[in-house]
Structure formats: structure tokens, C-alpha cells
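*Asks:* Predicted coordinates and the sequence they were generated for:
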Amino acid sequence: MISASYHFPKGFLWGAATAGHQVEGQSKDSWSAWEDAPGRILNGQKAGLACDWWGGRWQEDFDRAAQTGQNAHRLSIEWSRIEPEPGRWDNEALDRYREMIAGALKRGLTPMVTLHHFANPLWMEESGSWEREDSPELFERYVCRVVEALKEDVNLWITINEPNVYMLCAYLEGVFPPGKRDLTAAINVYANLARAHARAYHAIHRIQPQARVSIANHFRAVRPETASPLDSLAANLMQRAFNDSFPGALRSGVLDLGFKRISIPEAANTQDFIGLNYYTLDQVRFNLLKSRDFFQTRRFPPSAEVSDTGFIANVPEGLWLALKWANRYQKPIIISENGVEDADDDLRPRYLIQHIHQIWRGVNFSWPIKGYFHWSLVDNFEWERGWSQRFGLWGLDVETQARVRRRSVDVYEAVCRENSITSEMVEQFAPEIFKKVFPA
Ligand code: FCB
């Protein structure tokens, strides 16, 4: 057996990612209202107390992260708490977040803060949400409040989490609030999100010139199923519409949807780093019968292992494609989310090692990859899928709030502490993939 290791650069950020609505509990926002309406969430579940972070349990979870070698944490701030009514600011809520972030720093966790992660204040949602023409302005006003309050402690900002997923799920598939299936609304919202990001980007830099600002880009890897040019065309279309359009706008100032181009000049060059969320890869095949799905069928590679509810296939090469893509922007890269739902923790140890191995391949090419945030620290409320998906390094008993340490904690702790993947680790935690990670 060979003995070897893959090292990461000094100062590499190792953390987990969370989002307000999914962990805080006691929310009053667009999602809590959506959960109250029948038929929206799998099995009628609700976030409820979630992981009870608003009740203070962030402290014990940050302890867990810090005590197991992590040195960073990505969390989000809920607009609905900061501005519960239009123009009314809740300073107490802001203080709580300030305390949370100070708590992260005290434990040696560098905070990366998301300003919008799928949830809106109720008043915003009920008055037209991101279709409102003034939504970018409203977002900027909220962002300024937060950044003024936290600028001493936070340098890494994610303005908006996964604009492509949000637009798709909320305005085309109708599975996120407001549950629309309306292409015109979707395009309008997409453009407003880009305008909102641009305003937030410039505002943050005015308040805090040294800040580093990005979005969390969701990259769904795609590859053509066969060598047929039609399959390539289909894959290409998907790549451009879903993966390229939004970050493209933040580079060029033009939101290019293929069939429509929208000029947003203020968005040009507004990512200081590339936040990258990667989970899985699709194989794409051209299909003339699927006009509503852009003439394509998608499926996971048939040989890939699939997660508990069929949500994610373990295809580490997809992360390699994602990194290659991100590197074209010639900015530092931070993997802002990556993980798998796996209640029994059978797949996660190898998923974790294989994906971190792909990151190391980029590091080995001297690509400027600065950190990795695992989704997620503790099982949390997974949107329209409710509690059916278990993404945590720690499991959660939703009734009792008890946390259950999974074996993956040991895996991740070893990686974080040694700032590397070693052959001993792979031998110990996932011997079945040894030859894939350390080919002889
Ligand atoms: C991402 C979301 C995150 C979580 C994971 C599983 O799309 O950003 O909140 O739900 O998927």
C-alpha cells in the first residue's frame, strides 16, 4: 500500500455552510407562510424550531465545528428579521446576528455571510416580491444596514444564494414560494436579482472597501450522453442557460439567456471571488418530444451511486468540471456548498473524500482555490423536501433537538486538522475508493 498525501495551501478555509431559514427556527418569512399552506412541503412538514439556532443552539453547533478542526463557517442573515415591516429595522435581531458572528470568531471560525438565501420578508413576498421594480433598491437598503453593523467582523459576503435555482424553483417549477410557473415573471426576477446583486456589491464596497463579495453560483454539471452532435447541443444549451447566464452577467453586464439579452451594465465585474455550490452531474440527451424541457432528457450516469431520495448522484468529476469552469473567471474560488443527503452515512465518507480530492487537483494546478464549506453542519430543513433529506455531518432528532455525531465528522475532522487527504485516512474511512484516490 502506498503512503502519500495531498496537501492544501496554508490558510485554506475548512468549514460547513448553513442558511437562516433552514436552521434558525421560529421564522416569519415567505417560507413559513408557504409551509403553513397545505400541500407545499413533502409530508406536510414545517421548519418549526429547525435546529433552534434562534433559541441559541448555534453556540453548541459552533462548538462542534470548532472542536472538530473547522476554521470557518458560512451562515446567512434573514432579511425578514432585520426588516420585519417595510422601513422598520429590528436592532435586536441585528444584535443577535452580531453576537453569532462574534461567537464564530471567538471559536476561530472565519465567517462568510450570505445576505439572501431563498427566503424573503413576508411584506416583500406579498407585495410582488422580486417582480417589484424597486426590489433591487429594497435589497440594497437592507444590505447597507447589515454591512454597517457587521463590517468589523465580516470580510466575505455572498449577496444572493443560487439565483439560478431560486428563479427556477420559485418562478418556473413553482415548488418554492411564490409558486409561479411563468416565464415572463422568471426572466424579470432573474434580471432583478442581477440588479440587486450589483447594487449590493457596490454598496458593500463603499462601506467596506476591503470586503470580498460574490454570489453562491450553483453549478449543475452536464455532459452529453452520447457522441451525437445533438446531445452536445442539448448539453450546451443547458450549460449556457443554467450555469453560465447569471455569472456571465456579473462579468459582462449582459444577462444572456440565449433567446433574450438584457443589459445590466452596473453588474459588470461584480464578483471578487467565485462562490461555487456543486452537488451533482446530469447526462443530457436531445429529445424532440420534450419541447417544454428545452428538447432534452436528463438523467444521472447509470453507473453512479445515488443518494437516499434520488436527489444526488456521486459524480466527483462534476466538481472537477465546475472548478475548471470557475477558474475561467480568473478570480479566487471558494466552494461555498457541497455535500450529500445520507441518513445512514454510508455514502458521505467517500463522497466527501472524493470531492475534496477533486479540489486538490485544482490546487495542484495552482488554481486559486481558497476554501471549502460542506453542506451542512447539522441536518436541517430542506425546503420543499422538508426533513426527508439528511445533509448534516451531525444528525438531528427534530423532536428532541439531540445531535448525533456521524462518522463523517471523523473524516472531515481528519482532513481539516491535517489540511490534507492522506492515504491513511482513505484506508481508514473509505478503503473501497483507495485506488481511485491514490492510483498506484
Ligand atoms: C442548495 C441550497 C441549500 C441546500 C442544498 C441541499 O441548492 O443552497 O440551501 O438546500 O441545496
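*Replies:* Sure, I can see it.
*Asks:* could I get the host helix or strand of K324 in CSV with only the CA atoms?
*Replies:* If you go by DSSP states H and E, K324 is part of helix 316-327. Output in CSV follows, covering the C-alpha atoms of helix 316-327 (Å, rounded to 0.1, in the frame of the first residue of the first chain):
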residue,chain,number,x,y,z
PRO,A,316,-16.8,13.8,-8.3
GLU,A,317,-15.6,14.5,-11.9
GLY,A,318,-18.5,17.0,-12.0
LEU,A,319,-16.8,19.1,-9.3
TRP,A,320,-13.7,19.0,-11.5
LEU,A,321,-15.7,20.4,-14.4
ALA,A,322,-17.2,23.0,-12.0
LEU,A,323,-13.7,24.1,-10.9
LYS,A,324,-12.4,24.2,-14.4
TRP,A,325,-15.4,26.4,-15.3
ALA,A,326,-14.9,28.7,-12.3
ASN,A,327,-11.2,29.1,-13.0
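*Asks:* So which elements touch that helix?
*Replies:* On a contact count with 3 or more C-beta pairs under 8 Å, 6 or more residues apart in numbering; DSSP states H and E, helix 316-327 meets strand 212-224, strand 274-286, strand 333-337, helix 348-364. To be clear about C-beta, it is placed using only N, CA and C from the backbone, and glycine gets the same treatment.
*Asks:* ranking those by burial, who's on top?
*Replies:* strand 333-337 (a mean of 27; mean count of other C-beta atoms under 10 Å).
*Asks:* mind saving the C-alpha coords of that one as CSV?
*Replies:* What follows is strand 333-337, C-alpha atoms only, in CSV (Å, rounded to 0.1, in the frame of the first residue of the first chain):
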residue,chain,number,x,y,z
ILE,A,333,-12.6,30.3,-5.9
ILE,A,334,-14.4,29.2,-2.7
ILE,A,335,-16.5,26.1,-2.7
SER,A,336,-19.5,27.5,-0.9
GLU,A,337,-21.5,24.3,-0.7
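*Asks:* Contacts for it, please.
*Replies:* The contact list for strand 333-337 (C-beta atoms under 8 Å, 6 or more residues apart in numbering) reads 13, 17, 74, 112, 156, 158, 214, 216, 273-279, 319, 323, 326-327, 359, 362, 367-375.
*Asks:* what's the model's confidence in the helix holding K324, averaged?
*Replies:* Taken as a whole, helix 316-327 has a mean pLDDT of 98.
*Asks:* go on, stretch 55-70?
*Replies:* Stretch 55-70 comes out at a mean pLDDT of 99.
*Asks:* where exactly do the strands run in the stretch 151-300 of the chain?
*Replies:* Counting by DSSP state E, counting those that start in this stretch, the stretch 151-300 of the chain has strands at residues 156-161, 212-224, 254-256, 261-263, 274-286, 296-299.
*Asks:* just for the stretch 151-300 of the chain, where's the confidence low?
*Replies:* Filtered on pLDDT under 70, the stretch 151-300 of the chain yields no residues whatsoever.
*Asks:* quick one: secondary structure of the residue lying closest to E83 once chain neighbours are set aside?
*Replies:* Excluding its sequence neighbours, the residue lying closest to E83 (C-beta to C-beta, 6 or more residues apart in numbering) is Y142, at 5.4 Å. Judged by DSSP: H, G, I helix; E, B strand; the rest coil, the three-state class of Y142 is helix.
*Asks:* how far away is Y142 from Y97?
*Replies:* 13 Å (C-beta to C-beta, to the nearest Å).
*Asks:* what touches both of those two?
*Replies:* With C-beta under 8 Å, 6+ apart, Y142 and Y97 have common neighbours I82.
*Asks:* Up against the ligand, what does the stretch 101-250 of the chain have?
*Replies:* Proximity of the stretch 101-250 of the chain to the ligand is confined to N161, E162, V165, H218 under the rule C-beta under 6 Å from any ligand atom.
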